[in-house]
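Trainee: For reference, the sequence and a predicted model appear below.
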Amino acid sequence: MTAANATSHTLVTGVIGADTHIVGNRILSMALEEADYKVVSLGALTPADEFVKAAIETAADGIMVSSLYGQGELDCRGFRDMCIEAGLDGILLYVGGNLVVGKQDWADVERRYQEMGFDRAFPPGTRTAEVIEALGQDFTARDAARDAAGERAAS
Amino acid sequence: MTDARTALLIDFGSTFTKLRAIDMDAGRILGAGQGPSTVTTDVTEGLDAALADLERDMGTLPEFTHRLASSSAAGGLRMVTAGLVKELTAEAARQAALGAGARLVGTYAYKLTAGDARAIIELAPDILLLAGGTDGGNEDVIRANAERLADAGLDCPVVVAGNRNAADDVAATLAGAGLSVSVTGNVMPEFNVLDVEPARAAIRGVFIQRIVHAKGVDRAARRFDAVLMPTPAAVLAAARLLADGTDSTPGFGPLLVVDVGGATTDVHSVAEGAPTRDGVLPRGLPEPLAKRTVEGDLGMRINAAAIAGAAGRASLAAASGLSEDDVTTRLSSLTDDVETLPDDAAGRALDRALAAAAVAVAVDRHAGRLEVVQTVNGPITVQHGKDLGDIASVIGTGGVLAHGEDAAGVLSAALAGRDDDASVLRPRAPNLFIDQNYLLYAVGLLAEVDADAALMLARNTLFRVEGDSVHGRLPAA
């Protein structure tokens, strides 16, 4: 039995909506596990609310949403709001894959997903190492901010 | 030749105290006795009356090798469960309690409010099962719930089966409020991994140590060796034994038990329930191998009117050959007098129709379902719950199946029928058996001391009937 310790982080992964493309998500999940993250893998065909429910029960630190079939914008609408509603206010949200239909300017796509409340969006072809590096940066920043807040509260 | 080993199996029920005397070496029933249920006054009176009845049946009572009891008296094992997410740990807690033979009087999810805590105390459960969080997952909610219940003055034993990282603190909080606490394994140690057996065992431990005494069943303690479990847990134990067999005797394989009672209809399945069709994708929380569901609105007497509500008066009338007005009149008298047995052909026909409807609806709710999801790659079929399609045996128990008319037809209501909604994964072509002597609880109890004798008893006494998959069904409304 694995008991998460204070320094490890738990991530929920899955493919959102009526999307069956599981391979990339599985590769990502394996890479995250190798990088010592505790991964709760929901697999393909996962409704948005199941990501949120899994994150509540496992006290996840981040949710990694994959979308490969072009409908991501519809499936991910309101995702951050749903997290806030469930009490997961500060949870880290990443999204990646073929996030829109057709060829569109990536900067524009990224902005739209960030407006939806995702901390980061990743285009097709992103290497797992890039994602892991981003996670490292984000968690380091968050942990530092939390420690600083803790010290302020203690003093 | 030495005397045969014998066993006395007692069921302290809500209406009757029932006895079965068993020859353990031959695996057969020696006699049966019945007395009133007298738990509210002195349990000994009902037991003595039942023993006298058994003696009349057998001539003389042997010196029993084992005297074991189960109890569903005094309202059964009344439990409240609390977990975190409704579909996850709260559901796992519910499954654990049902499998332990409990009667659920309240199920809660997320943080308990002050009002929830008051309501729980008002319900006065025998045991509260507290879950929440996977191991290493959410700790806040189970901690908050323990504090809430301790502050509100909960007064019943608590079984803690949540996030192990919080379990010790939660136990300390509850013990600090003077409560008896048992800490056991998490009902969901990892996300979507169900592990209900440790919680079931802990619930049973509390039942034996405390509840039996609290309900006054131990007043008759000199007349038996032990009360081992709640009666529904004994039936589930029998179902498991029958499915799995013993080291020396093979079992029946995956099976379903339908128990039609006066107040509820219980369904037990011992089956993995994996998809039996190609290309079907299982979804959602996996279900326990041994799963029990209780339909609190489907009972032959107390809830006869509710069966009519679920199945429709018109279909009851059609199935029984009575007019709808006749059905309505008879239903109200059944609900008023719970001990009524039909004394005419029309009454028996109505009982048969009610029982078939209860079986149909209860199995419908227990069985898994298929759902077609449209994706860009075309439709995909996903399965929620267990596929019971390939189940080899369906066993019917309860008074109406043992003594009523056309037990085979009634039990056939469990099967997948021609006009059914094909998305409900009922058994397709199982063998049908009737527990004519109301022995399943006795099999479950006997299995505690001698599994081979218990299995032999079940094999010798379950009565095989031929199903009637077309006429036996009432369509579920």
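Mentor: Nice, I can see it.
Trainee: going forward, measure contacts and count neighbours with C-alpha atoms only.
Mentor: Will do.
Trainee: Find the closest residue to chain A in the stretch 251-400 of chain B.
Mentor: Among all residues of the stretch 251-400 of chain B, residue B:375 sits closest to chain A, at 5.1 Å; criterion: CA to the nearest CA.
Trainee: Just the pLDDT at that residue, thanks.
Mentor: pLDDT recorded at residue B:375 is 79.
Trainee: Look at the closest residue to residue B:248 other than its chain neighbours and report its pLDDT.
Mentor: Of all residues not flanking residue B:248 in the chain, residue B:452 sits nearest, at 7.6 Å (CA to CA, 6 or more residues apart in numbering or on different chains). As predicted, residue B:452 sits at a pLDDT of 97.
Trainee: okay, now residue B:452: neighbour count?
Mentor: 20 (other CA atoms under 10 Å in any protein chain shown).
Trainee: now the one 3 residues further on
Mentor: Residues lying near residue B:455 (other CA under 10 Å) number 26.
Trainee: cool, and residue A:122?
Mentor: Using other CA under 10 Å, the number of residues around residue A:122 comes to 20.
Trainee: ok, now residue B:177?
Mentor: Neighbour number of residue B:177 under other CA under 10 Å is 17.
Trainee: OK, contacts around it?
Mentor: Contacts for residue B:177 were tallied using CA atoms under 8 Å, 6 or more residues apart in numbering or on different chains; they are B:150-151, B:153.
Trainee: Spit out the contact partners of residue B:16.
Mentor: Contacts of residue B:16 (CA under 8 Å, 6+ apart): B:34-37, B:46.
Trainee: Among these, which ones are in strands?
Mentor: Among these, DSSP state E puts B:34-36 in strands.
Trainee: ok, those residues vs chain A, which is closest?
Mentor: Nearest to chain A, judged by CA to the nearest CA, of those is residue B:36 at 46.9 Å.
Trainee: coming back round to it: surely the residue nearest to residue B:248 forms part of a helix?
Mentor: Yes. Applying DSSP: H, G, I helix; E, B strand; the rest coil, one finds residue B:452 inside a helix.
Trainee: ok, now how distant is it from residue B:358?
Mentor: 33 Å (CA to CA, to the nearest Å).
Trainee: list the contacts for the closest residue to chain A within the stretch 1-150 of chain B?
Mentor: The stretch 1-150 of chain B approaches chain A most closely through residue B:137 (3.7 Å), counting by CA to the nearest CA. Contacts for residue B:137 (CA under 8 Å, 6+ apart) come out as A:4, A:57-60, B:163.
Trainee: and with 10 Å instead?
Mentor: Applying CA atoms under 10 Å, 6 or more residues apart in numbering or on different chains, we find residue B:137 in contact with A:3-4, A:10, A:54-60, B:162-166, B:189-191.
Trainee: again with residue B:73
Mentor: Taking CA under 10 Å, 6+ apart, we find residue B:73 in contact with B:11-17, B:37-40, B:43, B:212, B:215-217, B:230-231.
Trainee: Can you tell me the closest non-neighbouring residue to the one residue in chain A that gets nearest to chain B?
Mentor: Using CA to the nearest CA, residue A:58 is the residue of chain A that sits closest to chain B, at 3.7 Å. Once flanking residues are discounted, residue A:58 sits nearest to residue B:137: 3.7 Å by CA to CA, 6+ apart.
Trainee: how near is the one you found to residue A:54?
Mentor: For residue B:137 relative to residue A:54 (CA to CA), the value is 10 Å.
Trainee: shared neighbours of these two, which are they?
Mentor: With CA under 10 Å, 6+ apart, residue B:137 and residue A:54 have common neighbours A:60, B:191.
Trainee: just to revisit the earlier point, from the contacts of residue B:137, list the buried ones, please.
Mentor: The neighbour-count test (16 or more other CA atoms under 10 Å in any protein chain shown) marks A:3, A:10, A:54-60, B:162-166, B:189-191 as buried among those.
Trainee: Verify the stated contact: residue B:4 with residue B:65.
Mentor: Yes. Between residue B:4 and residue B:65 there is a contact under CA atoms under 10 Å: 9.0 Å.
Trainee: what touches both of those two?
Mentor: B:23-24.
Trainee: Tell me how far residue A:108 lies from residue A:67.
Mentor: Look at residue A:108 and residue A:67: by CA to CA, they are 17 Å apart.
Trainee: same deal with residue B:141?
Mentor: Distance of residue B:141 to residue A:67, computed by CA to CA: 31 Å.
Trainee: Which one's more surrounded, those two?
Mentor: residue A:67 (29 against 22).
Trainee: what comes up buried for stretch A:95-106?
Mentor: Across stretch A:95-106, burial judged by 16+ other CA under 10 Å covers A:95-100.
Trainee: which is the next helix or strand following whichever helix or strand residue B:81 is part of?
Mentor: Per DSSP states H and E: residue B:81 is located in strand B:77-82. Heading C-terminal from strand B:77-82, the first helix or strand you meet, by DSSP H and E, is helix B:89-99.
Trainee: Would you mark the buried spots in that following helix?
Mentor: For helix B:89-99, by 16+ other CA under 10 Å, it's B:89-99.
Trainee: likewise stretch B:227-237?
Mentor: So stretch B:227-237, judged by 16+ other CA under 10 Å, has buried residues B:227-237.
Trainee: Max pairwise distance over those: which two?
Mentor: Within those, B:227 and B:236 form the most distant pair, 15.9 Å apart (CA to CA).
Trainee: Now the phi/psi pair for the most centrally placed residue in chain A, please.
Mentor: Nearest to the geometric centre of chain A sits residue A:64, at 2.4 Å (CA atoms, centre = their mean). With angles defined as degrees, to the nearest 10, residue A:64 sits at phi -110, psi 110.
Trainee: That one touches residue A:24, doesn't it?
Mentor: No. Between residue A:64 and residue A:24 there is no contact under CA under 10 Å: 12.0 Å.
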